[in-house]
Every structure is written in C-alpha cells, then in structure tokens.
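Engineer: sequence first, predicted model second:
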Amino acid sequence: MDSKVLSIVVPSYNTSGFLDKNIRTLLDKRILKELEVLIVDDGSTDDTAEKAKRYEELYPDTVHVISKENGGHGSAINVGIERAQGVYFKVVDGDDWVDTQNLCQLIRDLEGQDSDLVINPYNKVCSGSSKVKKITLASDYGKGTLFDTVCSDYPQLEIHSITIKTDLLRDHGIRVRERCFYEDSEYDLFPTPFINTVTVLDYPVYQYLVGQTGQSISAFNALKNHRMHFQVIQDCIGFYENWKGKISENKRIYMRNVIFKLIRTQYNIYLRNGPREGSYEKMVEFSEDLKSRYPLYHQEVSRKYGYIRLLQSKRKPVFHICSFSVRIYKKIFHGSG
C-alpha cells in the first residue's frame, strides 16, 4: 500500500441507510491515493457489511472493511487505531458525512505540515430540516502553534473537529471504553498530555447529524444511560489525576475544565428529564456519589456553576424550577426539549 496521508475510521452499526451518503462524500478521485477509509462493521444485523464490501471491491486501494463482534462505538475506534496506516487519523461516524471539497483541502493541508493535532470547525445538521449550525473555533494561529499556548481557548475539543497523528494515539496506548456510550469524551481528552503542536484551520469538514430519536444524546436515552456517562467522567478524572503532575498548568486547566463540563452535562441530563419519574432521585444519587468519590470535584463544580450549587442542596422544588428553565432554554436556543 502506498503511504497514506489520512485514515478515516467509519464506526458502523446498522448504518446501511446512511452509509452510501457517508462513503460517497469521502471517495473523491483527487484524494484516493492519499486516503484510507476503514469501515468498521460493529456486528451489524442489517446489510451494513455487505454494502461496505461493495465499496471495498470498487476501491480496493482506499476502502477496507473490518467486521467484528459488537463492542460499541469505542471498540470501533480502538480497532481503527490499531489498523490505521495513515499519518493522520480521523473518526467519521457511519450516519454522518463530510464536505467533500473541504476534505480534499484538509488532505492538502495535512501534507504541508507536521502538527500533532489539526482542528477544523464542523457543522451540526438538524435531522429532517435544512437547519445547519457551524460550530466555530478560534483560528487565528499559525501552523505548528504550541498547544500549551492555545488550549485555554477551547472549552473542549470534540471528536468532530479533530484530526490527530496516528502514531501519537498508538504510541501512547490511547484506548477508549468499550460497550459504553459517551466514550468520545475520552477520545477527546486522553491525547492531551502528549500533544505538542496544533494547526487550526478555518473551514468545516465534518457534517454531524443531530436530532435523531435513537441518538444516545437524546434526553430520554441520556437518562436511561446516565450511569455510563458517569463512568466516562470517572475514567476522565482518573486519567487526569494520573497525569496532572506531569503536564503544564495550561493543560491542567484545560483538562479540569473538560471534566467540569462533563459533570455539568450529567446534572443537565436529569434536568432535561425533570418531569419524568425518577429524574430527581437519580440526580440526588449521582450528586451524592460524586461527593463521596470525588469531593473536590463536587465542590469545584458547584463554585463554577451556580445552579449546580442549588441542585446540590437536594431540594426538590429547586430541581423542578431549574429543570423548567433548562428545558425552556433548550426550546428557545436549540429548538428541542
């Protein structure tokens, strides 16, 4: 195989209805020699694997199918890290897609620099409508900027915006939790101690489809899987505690802020489901567990977010007032409950 500039891993579980759109946006003739596409069929029960293999037959030098037992989104990422041949590594989920023209530009830009991390804006595309929201990032940095000097500008770098050196992931044993939702937060955070340089680009590549009823980020599914989200928080806290004495102050600030944001999200899971039976009780259980296991994080998140301090008082009327406010905010600013 010729040396590849970029490996795109496509985690795919029962994504047959989306896969054609996904793969066709990747396979531009201008970049076939520089691109590797790894479609990881995660034990699908539909014809995802068969459809993927047809692309492998048509583009044998670019597309490769990996079929495996179901292990969750994280297991597909882990397999991708093990198998990728490209200098750089990117994840594009099977039900999402890319802007083809901008992907071509990204590969040209990857060829011309050597940063550990490359960041792009991305688009959120609302399912069933033409609504698109561009998630922009600070971009007034030169090529190969020290990550230490810019990480404080980002509340959290997300999987949709990052392209990272494959060797950095592999050499430092970066792996994420399997059989678990929300593990993409680990993929976002775990490389931090090892990133030296970053290049920030100003055009969106990833097109992230939101608003599907089955998504793990929906209010109902997030409540159903709230213990998984807490497990990811614990993984991130454990990782940070292990590395905090070996990294710069700016990276410590960045990693703590990511963890605080995850904890805030956990509280918001309960608030978004406020009227549902058990939401308040689950919130109290989580808050007490957080306080018992990680008292400093419990205390710091209450200082950072005033409404969480109110929730930690464990007064049910306060919970319902905060819940109503959060759901109204979501409807006004995000168009959903």
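Structural biologist: Alright, I've got the coordinates.

Engineer: who are the contact partners of the closest residue to Ile233 other than its chain neighbours?
Structural biologist: Spatial nearest neighbour of Ile233, excluding adjacent residues (CB to CB, 6 or more residues apart in numbering): Leu262 at 5.0 Å. Quick note: C-beta positions are derived from backbone N, CA and C, even for glycine. Contacts here follow CB atoms under 8 Å, 6 or more residues apart in numbering; on that basis Leu262 touches Ser185, His229, Val232, Ile233, Cys236.

Engineer: and Lys33, how many neighbours?
Structural biologist: Residue neighbour count, defined by other CB atoms under 10 Å, stands at 13 for Lys33.

Engineer: and it, what element?
Structural biologist: For Lys33, there is no helix or strand it lies in under DSSP states H and E.

Engineer: same check on Glu36?
Structural biologist: Counting by DSSP H and E, the element that carries Glu36 is strand 35-42.

Engineer: what packs against that strand?
Structural biologist: With contacts defined as 3 or more CB pairs under 8 Å, 6 or more residues apart in numbering; DSSP states H and E, the packing partners of strand 35-42 are strand 4-12, helix 16-26, helix 48-58, strand 63-68, helix 73-83.

Engineer: deepest of the ones you listed, which one?
Structural biologist: strand 4-12 (a mean of 24; mean count of other CB atoms under 10 Å).

Engineer: hmm, who's touching it?
Structural biologist: With contacts defined as CB under 8 Å, 6+ apart, strand 4-12 is touched by 19, 22-23, 26, 34-42, 44, 48, 52, 73, 76-77, 80-81, 84-94, 106-107, 110-111, 163, 166.

Engineer: for those, which ChimeraX command selects only the ones that are buried?
Structural biologist: Buried residues among these (16 or more other CB atoms under 10 Å), as a ChimeraX selection:
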select :19,22,23,26,34,35,36,37,38,39,40,41,42,44,48,52,73,76,77,80,81,84,86,87,88,89,90,91,92,93,94,106,107,110,163,166
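
Engineer: so what are the sheet partners of the strand holding Glu36 and their directions?
Structural biologist: For strand 35-42, the paired strands and their directions (DSSP bridges) read strand 4-12 (parallel), strand 63-68 (parallel).

Engineer: compare those strands and give me the one nearest Gly128.
Structural biologist: Closest of the strands paired with strand 35-42 to Gly128 is strand 4-12, at 21.7 Å (criterion: CB to CB).

Engineer: gap between stretch 19-28 and the chain center?
Structural biologist: On the basis of CA atoms, centre = their mean, to the nearest Å, stretch 19-28 is displaced by 20 Å from the centre of the chain it belongs to.

Engineer: got it, and stretch 170-179?
Structural biologist: What separates the centre of stretch 170-179 from the centre of its chain is 14 Å, taken as CA atoms, centre = their mean.

Engineer: distance between the ends of that stretch?
Structural biologist: With CA to CA, to the nearest Å as the measure, stretch 170-179 spans 21 Å from end to end.

Engineer: tell me the buried residues in that stretch?
Structural biologist: Buried residues in stretch 170-179, counting neighbours by 16+ other CB under 10 Å, are found at Ile174, Arg175, Val176, Arg177, Glu178.

Engineer: tell me the mean pLDDT for that stretch?
Structural biologist: Across stretch 170-179, pLDDT averages out at 98.

Engineer: stretch 125-134 too?
Structural biologist: When pLDDT is averaged along stretch 125-134, the result is 86.
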